[in-house]
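> task: produce atomic coordinates for the following.
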Amino acid sequence: MYKRNDMDTRISMLEGIIPYSHKLAPLFIRNTLYSLIPEGIEHIYVVGIGSNLINGDSLGPFVGTLLQDMYPNHLTVLGNLKSPLDATTLVPRFSGIALPNNSFVVAIDSVLGSEGIVNTIVVREGSLRPGIGLGHNLPSIGDCSVMGVVLENDPAVESSLFYTNLHLIYTMATNIAKGISLAIRQYFKYPSDHPILLIS
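I've put the predicted structure just below:
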């Protein structure tokens with residue numbers, strides 16, 4: 001079984017590949033996101049993509065729920081556990097929104113990946129293609145992407161997604177939400193005692 005050594009882990013974090021349960025994961029996510037948000041952005045949209053009916057596909061809606069109603073002047077959340085953006089609702093709901101100038105879109109989704117990056121959070125510049133692992137042909141979304149690699153890419157993925165460990169999803173979602181909250185707090189210069197998450 002492949003195991004990263006400490007140097008591999010440090011290099012990966014610099015590249016935006018972060019172990020999902022690392023105690024400093026929210027800070028690494030914040031640092032990467034903050035470096036990707038251009039100057040002059042006035043509003044950030046978080047698009048939580050996924051289903052509330054499938055464990056392994058619920059990461060995006062979990063993050064959306066955790067960030068809902070945070071920073072109302074600077075953050076809008078689309079997609080949460082109550083009203084998810086899944087394969088059937090994503091295009092009609094997202095395409096009907098006219099994003100203002102000087103806005104920045106952070107797309108959140110769970111993905112499949114190679115063995116070496118399973119159970120990591122990947123933060124990178126550029127859009128993501130939601131649903132591609134399940135054969136859906138959906139448009140690319142986001143100015144940057146935050147992806148939770150929940151399973152190895154294999155032919156049995158559809159049934160495996162139903163039984164993905166919810167503790168994995170919840171821990172990933174909490175760390176991603178904290179990281180995004182920290183990035184917004186820093187970018188828009190909120191006071192350091194401003195809450196970063198709605199739950200502890």
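> okay, now the unreliable bits of the chain?
1-15, 132-135, 155-159, 198-200 (pLDDT under 70).
> can I get stretch 75-85 in PDB? Just the C-alpha atoms.
C-alpha atoms of stretch 75-85 as PDB (Å, rounded to 0.1, in the frame of the first residue of the first chain):
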ATOM      1  CA  LEU A  75     -21.000  35.200   0.200                       C
ATOM      2  CA  THR A  76     -23.900  33.500  -1.600                       C
ATOM      3  CA  VAL A  77     -24.300  29.700  -1.200                       C
ATOM      4  CA  LEU A  78     -26.000  27.700  -4.000                       C
ATOM      5  CA  GLY A  79     -26.700  24.100  -3.100                       C
ATOM      6  CA  ASN A  80     -27.200  22.700   0.300                       C
ATOM      7  CA  LEU A  81     -28.700  19.600   2.000                       C
ATOM      8  CA  LYS A  82     -32.200  21.100   1.900                       C
ATOM      9  CA  SER A  83     -32.000  22.200  -1.700                       C
ATOM     10  CA  PRO A  84     -29.100  20.300  -3.500                       C
ATOM     11  CA  LEU A  85     -27.700  21.000  -6.900                       C
END
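> ok, and what's touching that stretch?
Applying C-beta atoms under 8 Å, 6 or more residues apart in numbering, the contact partners of stretch 75-85 are 43-52, 58, 60-62, 64-65, 67-68, 70, 90, 93-94, 97, 108, 184. All C-beta spots, glycine's among them, are computed from the backbone N, C-alpha and C.
> list only those of the residues you listed flagged as buried.
43-52, 58, 60-62, 64-65, 67-68, 70, 90, 93-94, 108, 184 (16 or more other C-beta atoms under 10 Å).
> out of those, which are inside strands?
Judged by DSSP state E, these include H43, I44, Y45, V46, V47, G48, I108 as members of strands.
> state the distance from the nearest residue to the last one once chain neighbours are set aside to L66.
The one in question is I108. Nearest residue to I108 in three dimensions, chain neighbours excluded: G60, at 4.4 Å (C-beta to C-beta, 6 or more residues apart in numbering). As defined by C-beta to C-beta, to the nearest Å, G60 lies at a distance of 11 Å from L66.
> name the helix or strand for I29, please.
Following DSSP states H and E, one finds I29 within helix 25-36.
> give me the number of residues near the closest residue to I54 other than its chain neighbours?
Ranked by C-beta to C-beta, 6+ apart and with sequence neighbours excluded, the top spatial neighbour of I54 is L161, at 5.2 Å. Residue neighbour count, defined by other C-beta atoms under 10 Å, stands at 21 for L161.
> so what's S95 up against?
P139.
> can you give me the neighbour number for the nearest residue to R124 once chain neighbours are set aside?
Taking C-beta to C-beta, 6+ apart, and ignoring the residues beside it in sequence, R124 has G16 as its nearest neighbour in space, at 5.1 Å. The tally of other residues near G16 (other C-beta under 10 Å) stands at 23.
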